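Asks: give me a model of this one.
(one chain, ligands or ions: 4)
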Amino acid sequence: MSELTVLAPYMEMISKSPGRPLEEQYMPWNEVSVDYQETYNSISGNSIHPMTRTHIIAMIAIEEDHWRLYHQFYYMTSDPELKRLLAAVRRAEHIHRSRLEYLLDPKSTPLEKAIGLEMQATEYYKLAARLEKNPAAKAAFEFILDEDREHGHLYSVLYELQGHDPKSLTGGLTEFYPRRTLSDEYLIPEATIWMGLTEGCYQREEADPQTLINIDTLIAGERTTYQSYHYYAHFIEDPSQRRLYAQIRRIEEQHNNIHETLYNPHETILERIIHNELTEIWHYRRLMQIEENKFVRSIYQRHYEDELTHSYLFGQLANKY
Ligand SMILES: [Fe+2]
Ligand SMILES: [Fe+2]
Ligand SMILES: [Fe+2]
Ligand SMILES: [Fe+2]
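Replies: Numbers count the residues shown, from 1 in each chain. Ligands and ions are numbered 1, 2, ... in the order given. Take a look at the predicted model:
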């Protein structure tokens, strides 16, 4: 099966003309190191809107995941043209990720960051479950949604015990409540092969692009959450908090496994890359429409234009095969 046949549903979505050249996407340091205070300048109360923060966290995860995948694909391909393009685009993705990371409040604690990650998971699983038409994927998203809600609930209880109100972070917009206790969430590793799927939940040539966008989005959040909980462990002294992070981290590992079984394992590197770029385009376009913070929106606009170039360049390469 040629690349073009399986990518046919996506070619329509791939940019037909190059946007900002890659060389112009590499910014000077002062633009990479965004002043996070600007995130707050346009709003009253000197606090970021909980949904603005949630979307930034989601986009950091997506950018981080694509940067990581492009490193893996780099050593898996012997095609010099693809290697060159991966190296060049990876630098742009790494800049995107850096700029987004600098938008977040540097004073937030590991526990506040964890609540932010679970809020992101809850909101993005709800969105994906609403849009998803593939029954196996939708069932997986709804299953995991319950577990991440539980994690948000457990971290919120800890936050309350420390004398803080979780609503100061969530704005009461995301509801965390007990759904499935941690002891019920643990599965034996083989049980994370979702519904026994070994060939993924969709056929390459018939996949709904939204299914790919949903899986790409959610797996990025899971990988970043898993990694973050490992990273935060260095900064936590309280034994009960250390234990909770370890327990929840194991579940995030399971969530990663489930998503990995949803993908069709026969996809080529170039297919995956094009799906990744379309995922970025889809989110930045959506966020440009709903984000109210002008400064943050201007960053999404810029990244969106960069992503159009990425999709165009990888699309050109796919056309050659
Ligand atoms: Fe990007
Ligand atoms: Fe979670
Ligand atoms: Fe999760
Ligand atoms: Fe990109």
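
Asks: can you tell me the element Glu160 falls in?
Replies: helix 135-161 (DSSP states H and E).

Asks: helix or strand right after that helix?
Replies: helix 167-170.

Asks: show residues contacting that next one.
Replies: Residues outside helix 167-170 that contact it (Cβ atoms under 8 Å, 6 or more residues apart in numbering) are 50, 112, 115-116, 119, 156, 159, 176. C-beta: built from backbone N, CA, C; applies to glycine.

Asks: and what of stretch 232-240?
Replies: Residues contacting stretch 232-240 (Cβ under 8 Å, 6+ apart): 110, 113-114, 158, 242, 245-246.

Asks: buried residues in that stretch?
Replies: By neighbour count on 16 or more other Cβ atoms under 10 Å, the buried set for stretch 232-240 is 232, 236.

Asks: where does the protein have low pLDDT?
Replies: Within the chain, the ranges that satisfy pLDDT under 70 run 1-13, 39-46.

Asks: what does it put close to ligand 4?
Replies: Counting by Cβ under 5 Å from the ion, the chain comes close to ligand 4 at 277, 280, 307, 310.

Asks: and which of the residues you listed is nearest ligand 3?
Replies: Glu280 (20.8 Å; Cβ to the ion).

Asks: residues contacting that closest one?
Replies: With Cβ under 8 Å, 6+ apart, Glu280 has these contacts: 62-63, 66, 303, 307, 310.

Asks: quickly find the element holding it.
Replies: Judged by DSSP H and E, Glu280 forms part of helix 269-290.

Asks: tell me what angle the helix or strand just after that helix forms with helix 269-290.
Replies: As assigned by DSSP H and E, the chain's next helix or strand after helix 269-290 is helix 294-320. Angle of helix 294-320 versus helix 269-290, following axes from the mean of the first three to the mean of the last three Cα atoms, to 10 degrees, is 150 degrees.

Asks: buried sites along helix 294-320?
Replies: Neighbour counts over helix 294-320 (16+ other Cβ under 10 Å) mark 295-297, 299-300, 302-304, 306-315, 317-318 as buried.

Asks: could I get the contacts of stretch 232-240 as CSV with neighbour count?
Replies: Output for those, formatted as CSV (neighbours: other Cβ atoms under 10 Å):
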residue, neighbour count
Pro110, 18
Lys113, 21
Ala114, 27
Leu158, 18
Arg242, 13
Tyr245, 18
Ala246, 12
